[in-house]
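Asks: Can you look at this prediction? I've put the sequence above it.
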Amino acid sequence: MATLALFGTDNLTLPQSLQEAVEHGEVFTRGWVVELILDLIGYTPDHDLCGVRLVEPACGAGAFLGVIASRVSASCRAHGRPIADASGAVRAFDLLDRNVKLSRAVIARTLQDEGWASAEAEQIAADWVQQGDYLLQPDSDHRADYVVGNPPYIRLEDVPDDRMAAYRAACQSMSGRADIYIGFYETALRSLTPGGRLGFICADRWMRNQYGRALRRLVTRQFSMDLVLAMHDVDAFDEQVAAYPAITLISSRPQRSAVAADTTRLFGAAQARDFADWCQSGVSERIDTEAFKAARLPHWFPEEESWPAASPARLAMLEDLTKRFGLLEDPRTGTRVGIGVATGADKVFLTQDADAVESDRLLPMAMVRDTTSGALNWSGTYLVNPWNADGDLVDLNAYPRLASYFDKHGDALRKRYVAVKQPHRWYKTIDKVDTRLTVRPKLLFPDMKLTIHPVLDQGRLYPHHNLYFIVSDAWDMRVLGGLLLSKIAQAFVEAYAVKMRGGTLRFQAQYLRKIRVPDPNAIEESDKVALADAFDRRDVGAATEAALRVYGLTELPE
């Protein structure tokens with residue numbers, strides 16, 4: 001269960017509006033999910049659980065604590081310890097007084113059912129559960145060998161300003177419009193003893209979105225991502241929530257191997273036990289059942305910009321390619337990814353009138369519509385170009401027709417933000433134009449398409465801002481075009497890119513830069529010919545077949 005913590009132990013009465021916000025953030029975790037998390041992190045009765053410390057940051061009504069109490073009880077029996085020895089073994093926090101009482105009652109009832117005396121059980125319950133704000137507790141209260149739970153699902157902007165400021169000061173990863181759970185991850189991770197483990201069930205959006213970047217950086221640089229078990233379609237909570245939950249296991253140690261797994265609606269208590277058994281057995285690299293699929297990766301992904309989302313088998317492939325090949329954008333090969341010119345006033349700067357201004361002020365433009373067929377078919381659009389080849393704005397006195405054209409549209413141009421900010425440069429486009437790009441061979445990519453769509457410009461046109469481009473000093477652009485036409489390149493973009501309604505993908509620079517490619521000089525001549533030929537014919541199947549050979553793969557997993 002997750003509960004938002006807003007105030008410390010000396011500030012326990014919530015205004016009604018904030019109480020409602022806290023209660024809105026409560027999500028109750030099913031018992032078998034708790035059992036799975038504890039099994040996966042190794043918090044089991046065969047270990048002396050009185051000799052370690054477990055912390056639950058937001059205990060709610062005790063969904064985790066009931067299972068934890070049962071395991072601690074069994075451990076005490078197995079190791080000949082009195083239950084009093086477990087007094088310091090667990091610490092749980094919650095803001096709401098009613099949740100503290102509920103959690104203590106769950107612990108006491110569980111221990112009594114296990115045969116411990118009522119007074120002992122109630123004392124353990126009182127020792128374990130504290131009322132307070134986990135994010136603002138002293139560090140000494142945090143140190144843990146295990147941290148488990150279901151952090152809150154509340155946007156940071158819903159927190160009062162003073163608390164928001166305190167949280168941001170305490171948790172450096174809570175940048176932008178972060179969710180409260182980001183702070184719980186950071187605080188928990190920093191509390192782990194060497195070798196300690198975190199096991200959360202929580203929304204997985206932090207692995208890909210902007211506000212999770214600082215947390216991803218923390219994990220990548222200081223911890224080991226051990227497991228990601230996506231449970232988007234699983235009935236993991238007592239009520240339906242649209243939270244895209246996943247179980248994540250992270251350890252305080254250098255990165256080791258990781259497990260990537262996904263589930264279906266059939267995943268329940270029995271299947272969870274099967275999954276835990278497979279994880280702990282190490283007997284196979286992959287498993288594929290009706291309820292779950294999983295793969296072992298040698299390492300987790302090293303980037304902090306975003307982590308990919310795909311099937312476990314495909315994640316394993318992407319991790320392998322990430323380890324074996326370099327990035328598409330590479331200064332060693334002079335390969336660069338960029339975006340076309342943004343004008344800030346297309347109705348003024350774009351024209352199909354070849355006599356609108358002086359001829360040397362008209363730059364032929366590549367538009368998205370010119371790329372539809374897969375070959376570049378210029379539609380006759382020009383950029384009315386205010387830039388010299390040296391990167392400075394032209395002197396309008398030297399171009400009377402250009403000056404007249406811009407004066408005609410002066411009101412519209414001067415109202416733009418870029419012109420208000422620099423009124424003496426009122427006729428500039430947002431982006432500078434580097435005319436050298438025009439004559440370079442380049443691959444053009446429309447921003448929004450269902451599938452990757454590289455189109456070759458041999459060096460005739462300048463791209464519009466709805467087109468991304470790739471230039472290179474080392475690649476034959478037809479060979480690279482064939483590689484990027486393949487389903488392997490598509491797999492990289494699918495794993496990282498934002499998918500829009502209808503399955504449309506954004507083929508933006510940050511996603512194209514995720515693609516891994518071989519050294520162009522290491523590709524066999526026969527494969528170069530096959531890739532170039534597949535590109536010319538727009539044959540995705542043939543391009544993929546050749547790309548599989550180049551990447552040393554036998555198949556492209558689904």
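Replies: Good, I have the coordinates. This is a predicted model, so every value here is computed, not measured.
Asks: Could you verify that Phe93 is part of a strand?
Replies: Yes: going by DSSP: H, G, I helix; E, B strand; the rest coil, the assignment for Phe93 places it inside a strand.
Asks: List the contacts of it.
Replies: Residues near Phe93 by Cβ atoms under 8 Å, 6 or more residues apart in numbering: 5, 55-59, 129-134, 137. (C-beta placed from N, C-alpha, C; glycine too.)
Asks: any idea how far the residue most central in space within the chain is from Arg296?
Replies: Most central residue of the chain, judged by C-alpha distance to the mean C-alpha position with Cα atoms, centre = their mean, is Arg208 at 1.2 Å. Shown here: Arg208 relative to Arg296, a distance of 22 Å by Cβ to Cβ, to the nearest Å.
Asks: likewise Thr264?
Replies: Using Cβ to Cβ, one gets 20 Å for the distance from Thr264 to Arg296.
Asks: More neighbours: those two, which one.
Replies: When Thr264 is set against Arg296 and neighbours are counted by other Cβ atoms under 10 Å, the residue ahead is Arg296, at 20 against 15.
Asks: Now the more buried one. Nearest residue, chain neighbours left out?
Replies: For Arg296, the nearest residue in space outside its immediate sequence neighbours is Glu285; the separation is 5.1 Å by Cβ to Cβ, 6 or more residues apart in numbering.
Asks: who are the neighbours in contact with that neighbour?
Replies: With contact set as Cβ under 8 Å, 6+ apart, Glu285 has these partners: Ala295, Arg296, Ala316.
Asks: quick one on the thing from earlier: out of the contacts of Phe93, list just those in strands.
Replies: Secondary structure from DSSP state E places Val55, Glu56, Val129, Gln130, Gln131 of the contacts of Phe93 in strands.
Asks: Could you identify the most distant pair in the residues you listed?
Replies: Taking Cβ to Cβ as the measure, those span a maximum distance of 14.9 Å, between Val55 and Gln131.
Asks: which of the ones in strands among the contacts of Phe93 tops the neighbour count?
Replies: Greatest neighbour count in those, by other Cβ under 10 Å, goes to Glu56: 28 neighbours.
Asks: one step back: distance to Gln123, pLDDT and secondary structure for the contacts of Glu285 - can I get that in CSV?
Replies: Supplementary listing: the contacts of Glu285 in CSV, determined by distance: Cβ to Cβ, whole Å; pLDDT from 0 to 100; DSSP: H, G, I helix; E, B strand; the rest coil:
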residue, distance to Gln123, pLDDT, secondary structure
Ala295, 46, 95, strand
Arg296, 44, 94, strand
Ala316, 49, 92, helix
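Asks: ok, so of those, who is nearest Lys428?
Replies: Within the contacts of Glu285, the smallest distance to Lys428 is 48.4 Å, found for Ala316 (Cβ to Cβ).
Asks: And for the closest one, the neighbour number?
Replies: That count, for Ala316 with other Cβ under 10 Å as the rule, works out to 22.
Asks: Let me see the contact set for it.
Replies: The neighbourhood of Ala316, defined by Cβ under 8 Å, 6+ apart, consists of Ala260, Glu285, Arg286, Ala295, Arg296, Leu297, Pro557.
Asks: so where does the first one fall, helix or strand?
Replies: Under the criterion of DSSP states H and E, Ala260 resides in strand 258-263.
Asks: Show me what that strand is packed against.
Replies: Using 3 or more Cβ pairs under 8 Å, 6 or more residues apart in numbering; DSSP states H and E, the elements in contact with strand 258-263 are strand 224-230, helix 269-281, strand 292-297, helix 312-324.
Asks: relative to helix 269-281, how tilted is that strand?
Replies: Inter-element angle recorded for strand 258-263 and helix 269-281: 160 degrees (by axes from the mean of the first three to the mean of the last three Cα atoms, to 10 degrees).
Asks: next one: strand 258-263 to chain centre, how far?
Replies: Offset of strand 258-263 from its chain centre (Cα atoms, centre = their mean, to the nearest Å): 15 Å.
Asks: Is it correct that Asn466 is in contact with Val368?
Replies: Yes: contact criterion Cβ atoms under 8 Å: Asn466 and Val368 qualify, at 4.9 Å.
Asks: Residues that sit against both of those two, list them.
Replies: Overlap between the neighbourhoods of Asn466 and Val368 consists of Pro446, Asp447, taking contacts as Cβ under 8 Å, 6+ apart.
Asks: Let me know the closest of the contacts of Glu285 to Ala69.
Replies: For Ala69, the nearest member of these is Arg296. The distance, counting by Cβ to Cβ, is 32.8 Å.
Asks: Now do Trp128, the pLDDT please.
Replies: The predicted local confidence for Trp128 comes out at a pLDDT of 97.
Asks: Double-check it against Val90; I have them as touching.
Replies: Yes: counting by Cβ under 8 Å, Trp128 touches Val90, with 4.5 Å between them.
Asks: Determine the residues that are contacts of both of those two.
Replies: Taking Cβ under 8 Å, 6+ apart as the contact criterion, the residues that touch both Trp128 and Val90 are Leu65.
Asks: Is His232 in contact with Ala261, as I believe?
Replies: No: applying Cβ under 8 Å, one finds His232 not in contact with Ala261, separated by 11.9 Å.
Asks: What score does the spatially closest residue to Leu484 that is not a sequence neighbour have for pLDDT?
Replies: Spatial nearest neighbour of Leu484, chain neighbours left out: Pro454 (4.7 Å); criterion: Cβ to Cβ, 6+ apart. In the prediction, the pLDDT value recorded for Pro454 is 97.
Asks: so who does Pro454 touch?
Replies: Contact analysis of Pro454 by Cβ under 8 Å, 6+ apart lists Leu443, Leu444, Phe445, Ile470, Gly481, Leu484, Leu485, Phe535.
Asks: again, but for Gln210
Replies: Gln210 neighbours (Cβ under 8 Å, 6+ apart): Gly176.
Asks: how close does Trp206 sit to Thr248?
Replies: 9 Å.
Asks: where does the residue of the chain positioned farthest from its centre fall, phi/psi-wise?
Replies: Using Cα atoms, centre = their mean, the residue of the chain lying farthest from its centre is Pro400. It sits 51.7 Å away. Summarising the backbone geometry of Pro400 under the convention degrees, to the nearest 10, its torsions are phi -60, psi -40.
Asks: Surely Ile488 is in contact with Thr544?
Replies: Yes: under the criterion of Cβ under 8 Å, Ile488 is in contact with Thr544, at a separation of 6.5 Å.
Asks: any residues in contact with both of the two?
Replies: Taking Cβ under 8 Å, 6+ apart as the contact criterion, the common neighbours of Ile488 and Thr544 are Leu556.
Asks: so Pro386 makes contact with Asp392?
Replies: No: applying Cβ under 8 Å as the test, Pro386 and Asp392 come out as separate, 9.8 Å apart.
Asks: between those two, who's got more neighbours?
Replies: Counted by other Cβ under 10 Å, Pro386 and Asp392 do not tie: Pro386 has more neighbours, with 23 against 10.
Asks: and that one, what is it in contact with?
Replies: When contacts are counted by Cβ under 8 Å, 6+ apart, Pro386 is found next to Arg361, Leu393, Val394, Leu402, Phe406, Tyr427, Lys428, Thr429.
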